[in-house]
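> Okay, predicted coordinates and the sequence, questions at the end:
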Amino acid sequence: MASSRVGSPIPREVADELERVVARWHQLPRGRALSHAPMVREVVQSLADDVAGCRGRPPSPVPDLGPATLMDQLQVMVFDLFDGRPDTNPALIAEQLSGIRRSL
């Protein structure tokens, strides 16, 4: 499994899809981003719960900081997931990200 860039634990296929999601998100009008934010927050929270589990911590809510920071939260959670659990199936995460992008 090749990393996206030197020092990053994120596999290339996941990094590519993450870049597409972020680019698409930044093209959305504010109203559309707001309407899709709950779905994206759900994915961010799911990833955060997985990260907490791999670190032996209980899940805790990811703060809702609004649509402007949601992609940052998504990127951090994807990074943290592959950093903490490198055996994560990249195809599953890439598909999850692709689903977000397609819904936007």
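Structure received. Numbers count the residues shown, from 1 in each chain.

> residues touching the residue positioned nearest the centre of the chain, list them.
The C-alpha lying nearest the average C-alpha coordinate of the chain belongs to residue 74 (Cα atoms, centre = their mean; 3.3 Å). When contacts are counted by Cβ atoms under 8 Å, 6 or more residues apart in numbering, residue 74 touches 18, 21-22, 40, 43-44, 47. For the C-beta atoms, the positions are set from N, CA and C on the backbone; glycine is no exception.

> Need these in TSV (columns: distance to residue 12, pLDDT and neighbour count).
TSV is the format used below for those (distance: Cβ to Cβ, whole Å; pLDDT from 0 to 100; neighbours: other Cβ atoms under 10 Å):
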residue	distance to residue 12	pLDDT	neighbour count
18	11	98	22
21	15	98	24
22	16	98	16
40	22	97	20
43	20	97	20
44	22	98	22
47	18	97	22
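
> okay, those in JSON lines with distance to residue 28 and secondary structure next?
Formatted as JSON lines, the contacts of residue 74 follow (distance: Cβ to Cβ, whole Å; DSSP: H, G, I helix; E, B strand; the rest coil):
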{"residue": "18", "distance to residue 28": "16", "secondary structure": "helix"}
{"residue": "21", "distance to residue 28": "11", "secondary structure": "helix"}
{"residue": "22", "distance to residue 28": "11", "secondary structure": "helix"}
{"residue": "40", "distance to residue 28": "11", "secondary structure": "helix"}
{"residue": "43", "distance to residue 28": "16", "secondary structure": "helix"}
{"residue": "44", "distance to residue 28": "16", "secondary structure": "helix"}
{"residue": "47", "distance to residue 28": "21", "secondary structure": "helix"}
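
> gap between the residue lying farthest from the centre of the chain and residue 84?
Here the centre of the chain is the reference, and by Cα atoms, centre = their mean the most remote residue is residue 31, at 20.9 Å. If you measure residue 31 against residue 84 using Cβ to Cβ, to the nearest Å, the figure is 35 Å.

> Then residue 92?
Using Cβ to Cβ, one obtains 16 Å as the distance from residue 92 to residue 84.

> what does residue 36 give?
Computed with Cβ to Cβ, the distance linking residue 36 and residue 84 is 27 Å.
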